[in-house]
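K.L.:
Sequence and computational prediction follow.
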Amino acid sequence: MAQIPAGSDRSRQLTSKKRGDAWEAAARRWLEDKGLRFIAANVRERGGEIDLIMREGKTTVFVEVRYRRSSQFGGAAASVTHSKQRRLLQAARLWLARHNGSFDTVDCRFDVVAFTGNSDVEWFRDAFNDHS
């Protein structure tokens, strides 16, 4: 049986994954405290992954969660590039299609929940859309 190499890169990846999961869980709790209802987490579709899918009233909310230790190179929200936005839009489009919907038939928006260092959470509602 082949063994998986136990290099330092592998343990670092696991740590990064656990850290990302913790920030996503914190964002989920924070959004639930604001009245949003949880639908799904870590939804993988061809071309991208959606961190959280929530519902606010009749609106489906696709949430990107970002964390940065410092704002030296811009805050966490600044890391949601146009390329990342396109991947999120594509993933959401596919998720909606699998649930018999589309951007034309489902009220939805894209939010960013950003954590930078030890500062308070920043919530960017309707941060971008399919017309951006």
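P.N.:
Yep, that arrived. All values reported here derive from a predicted model rather than from experimental measurement. Residues are numbered from 1 along each chain as shown.
K.L.:
Surely residue 89 forms part of a helix?
P.N.:
Yes: assessed by DSSP: H, G, I helix; E, B strand; the rest coil, residue 89 belongs to a helix.
K.L.:
Please renumber the chain so that the first residue is 18 from this point on.
P.N.:
OK, 18 is where the count begins now, so the last one is residue 106.
K.L.:
check contacts around it.
P.N.:
127, 145, 147 (C-beta atoms under 8 Å, 6 or more residues apart in numbering). Heads up, the C-betas are built off the backbone N, CA and C, glycines and all.
K.L.:
Can you convert these into a markdown table and add a column each for secondary structure and distance to residue 54?
P.N.:
Formatted as a markdown table, those follow (DSSP: H, G, I helix; E, B strand; the rest coil; distance: C-beta to C-beta, whole Å):
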| residue | secondary structure | distance to residue 54 |
| --- | --- | --- |
| 127 | strand | 17 |
| 145 | strand | 22 |
| 147 | coil | 23 |
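K.L.:
Now the buried members of the residues you listed.
P.N.:
Buried subset of the contacts of residue 106 (neighbour count, 16 or more other C-beta atoms under 10 Å): 127, 145.
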